[in-house]
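Visitor: Predicted model and sequence follow; I will ask about them next.
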Protein chains: 2
Amino acid sequence: MARTLADREEVVAALAEIFRDHGFEGASLSTITARTGLGKGSLYNLFPGGKAEMAEAVLAHIDGWFQAHVFRPLEHGGDGLAAVEAMFQATDAYFRSGRRVCVVGVFALGDARDLFAAQVRGYFAAWVTALASALVRAGRDPAWAQADAEEVVAGIQGALVLARALNDTGVFSRMLARLRLGLAWNVPPPPDMTSR
Amino acid sequence: MARTLADREEVVAALAEIFRDHGFEGASLSTITARTGLGKGSLYNLFPGGKAEMAEAVLAHIDGWFQAHVFRPLEHGGDGLAAVEAMFQATDAYFRSGRRVCVVGVFALGDARDLFAAQVRGYFAAWVTALASALVRAGRDPAWAQADAEEVVAGIQGALVLARALNDTGVFSRMLARLRLGLAWNVPPPPDMTSR
DNA sequence: GGAGGGTTGTACCGTTCGGTCCAGTTCGTA
DNA sequence: TACGAACTGGACCGAACGGTACAACCCTCC
């Protein structure tokens, strides 16, 4: 009788895929009922706040996943470089090598941005911060680690955009490989930017 | 009497900002009439195909601008490195150092992706190809130039996502600086990826 | 088996959507 | 000044929107 937690989790997972495909505006309740198999009554029973609450639940779900599988390992994993490598693997798996797109990124660019500004900002800020801390642990100069981390997170997001736009997952794989290399070199900026 | 080209250009420019802010789904006709100051009659006189034609006009307008100010200079400018530097400057100016977002990127991630798939893909493909050709002219190994170009274009797109999500244009500026440096170094991948 | 509360599908609500239509206005031409 | 085509704003349309209400329907527990 009592709805189990697992049920809600399943629904949230389905909602995540719907928002991923259609964005917030594009995901209509009729789409949602069709793809979840639940009527409106059930949906509003689970999410009294309507579509906005569904989206928030999805964002929270995603944030929870990244906290557990990406952010915390980055911050508390022992070896910095190993933690970074684990992040790349988890990221590649999560985004299915570029076949999947980032819901938070979609929300960041879409019309719903203002509605979910705090969650969107928190997600990316947490990612950058966690990655930077791992880089510092790996020996990177703290003054550069933050910018390094930004570059990697932005690179991942951009690769998702490009992979979807070009319909070519190779872009995502290549980008991940290059970001890995860039961190492995760990080269400080040269004094003369024009030298080649 | 005959509507001048300038008028249409102005309307398309206004439409571009609307789609930039709201995406395709989020830009309702009422928003459009309010922000353009034109009634529906005028809009449908200019764009008989409705919202889809407006969006196509915007994409064509953007493509035209990038062709003229970015792609062609990249492909036919004399010095490869100078052409790349000019691209970075034009890009920074166009995106207002990260305050503006990329309409094509927004469309690529949004629900309208399928409607405009060809234009979205064409835009990014042209950018990558043009940049790669300039890199080759600058002496870069053709085998790497394509991936270099992908990295830069993806980096720019990702920086736009991150800058908007974090509401911090600094991300965009830093990313542009790093991408410039990355190309200036022009470092080949090391044989041993695990070395630091 | 009967009772009763949580859960479900669906009919329905007012609103807003994209789009059509047309009477009125504008403006170059003669 | 008079004409007529091009243009304009806004009333209007059916459809679809997000959301509400509620009767039917399980279950679980006596």
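Guide: Now that the structure is in, tell me what you want to look at. As the structure is a computational prediction, the values presented were derived from the model and not from experiment.
Visitor: Give me the helices and strands touching the longest helix along chain A, please.
Guide: For chain A, the longest helix by residue count, based on DSSP state H, is helix A:142-166. Here helix A:142-166 touches helix A:103-109, helix A:117-137, helix A:170-185, helix B:103-109, helix B:117-137, helix B:142-166, helix B:170-185, going by 3 or more Cβ pairs under 8 Å, 6 or more residues apart in numbering or on different chains; DSSP states H and E. Using the backbone N, CA and C atoms, a C-beta is placed for each residue, glycine as well.
Visitor: Output the residue of chain A whose distance to DNA strand D is smallest.
Guide: Residue of chain A nearest DNA strand D, by Cβ to the nearest atom of the strand: A:G50 (2.5 Å).
Visitor: Can you give me the neighbour number for that residue?
Guide: If you count neighbours by other Cβ atoms under 10 Å in any protein chain shown, A:G50 ends up with 12.
Visitor: what about the closest residue to it other than its chain neighbours, neighbour count?
Guide: If the residues on either side of it in the chain are set aside, A:G50 comes closest to A:Y44, at 6.8 Å by Cβ to Cβ, 6 or more residues apart in numbering or on different chains. By the criterion of other Cβ under 10 Å, A:Y44 has 15 neighbours.
Visitor: Tell me the secondary structure at A:Y44.
Guide: Applying DSSP: H, G, I helix; E, B strand; the rest coil to A:Y44 yields a three-state assignment of helix.
Visitor: Spatially central residue in chain A, please.
Guide: For chain A, the residue sitting closest to the mean C-alpha position, by Cα atoms, centre = their mean, is A:C102 at 5.2 Å.
Visitor: Now do the same contact list for that one.
Guide: Applying Cβ atoms under 8 Å, 6 or more residues apart in numbering or on different chains to A:C102 gives the contacts A:F95, A:Q157, A:L160.
Visitor: who's in contact with the closest residue to the first one other than its chain neighbours?
Guide: Of all residues beyond its chain neighbours, the one nearest A:F95 is A:L160 (6.3 Å), with distances taken as Cβ to Cβ, 6+ apart. For A:L160, the set of contacting residues under the criterion of Cβ under 8 Å, 6+ apart consists of A:F95, A:G98, A:V101, A:C102, A:G105, A:F172, B:G158.
Visitor: could you redo the last one with a cut-off of 7 Å?
Guide: Residues in contact with A:L160 (Cβ atoms under 7 Å, 6 or more residues apart in numbering or on different chains) are A:F95, A:G98, A:V101, A:C102, A:G105, A:F172.
Visitor: restrict the residues you listed to those near DNA strand D?
Guide: Among those, no residue lies close to DNA strand D (Cβ under 7 Å from any atom of the strand).
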